[in-house]
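Visitor: any chance you can model this:
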Amino acid sequence: MTNKKIRDYILDLLNERLLLFDINRGELNNDFDLVKSGLLDSMAFIDLLAEAEEKFEVEIDFEQLAESDDFTSLGGLVNIIMNTKNAE
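Guide: I've put the predicted structure just below:
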């Protein structure tokens with residue numbers, strides 16, 4: 001598994017919302033905050049996490065997640081999934 005594979009999967013899940021907000025996925029950098037931007041609300045973010053956990057067969061530690069300053073950013077989420085997968 002690579003960061004690119006995780007990022008592409010997340011962006012695929014978000015594709016409909018990106019179109020709705022008229023955001024080109026190529027414009028998104030790792031600092032793009034999925035929640036603060038308004039792209040996702042907190043429940044939609046949790047749903048996204050659940051789908052990523054299932055797809056990549058990981059269990060994200062929510063306590064560890066809350067300790068990260070950038071967990072709602074695209075890059076932060078990718079890193080958390082990657083680190084969780086590597087730790088298993």
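Visitor: can you report how many residues lie near Thr2?
Guide: Neighbourhood size, Thr2 [other CB atoms under 10 Å]: 9. Where you see a C-beta, it was placed from the backbone N, CA and C, and this is true even at glycine.
Visitor: do Phe45 as well
Guide: Number of residues near Phe45 (other CB under 10 Å) recorded here: 16.
Visitor: also the one 10 residues further on?
Guide: The number of residues packed near Lys55 is 15, by other CB under 10 Å.
Visitor: quick check: closest non-adjacent residue to it.
Guide: When the adjacent residues along the chain are set aside, Lys55 lies closest to Tyr9, with 6.1 Å between them (CB to CB, 6 or more residues apart in numbering).
Visitor: what secondary structure does the one you found sit in?
Guide: Under the three-state scheme (DSSP: H, G, I helix; E, B strand; the rest coil), Tyr9 adopts helix.
Visitor: likewise the one 4 residues further on?
Guide: Classification of Leu13 by three-state DSSP places it in helix.
Visitor: residues contacting it?
Guide: 48, 51-52 (CB atoms under 8 Å, 6 or more residues apart in numbering).
Visitor: okay, the residues you listed in JSON lines with distance to Arg25, secondary structure and neighbour count next?
Guide: Shown next, in JSON lines, are those (distance: CB to CB, whole Å; DSSP: H, G, I helix; E, B strand; the rest coil; neighbours: other CB atoms under 10 Å):
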{"residue": "Leu48", "distance to Arg25": "15", "secondary structure": "helix", "neighbour count": "18"}
{"residue": "Glu51", "distance to Arg25": "17", "secondary structure": "helix", "neighbour count": "13"}
{"residue": "Ala52", "distance to Arg25": "16", "secondary structure": "helix", "neighbour count": "20"}
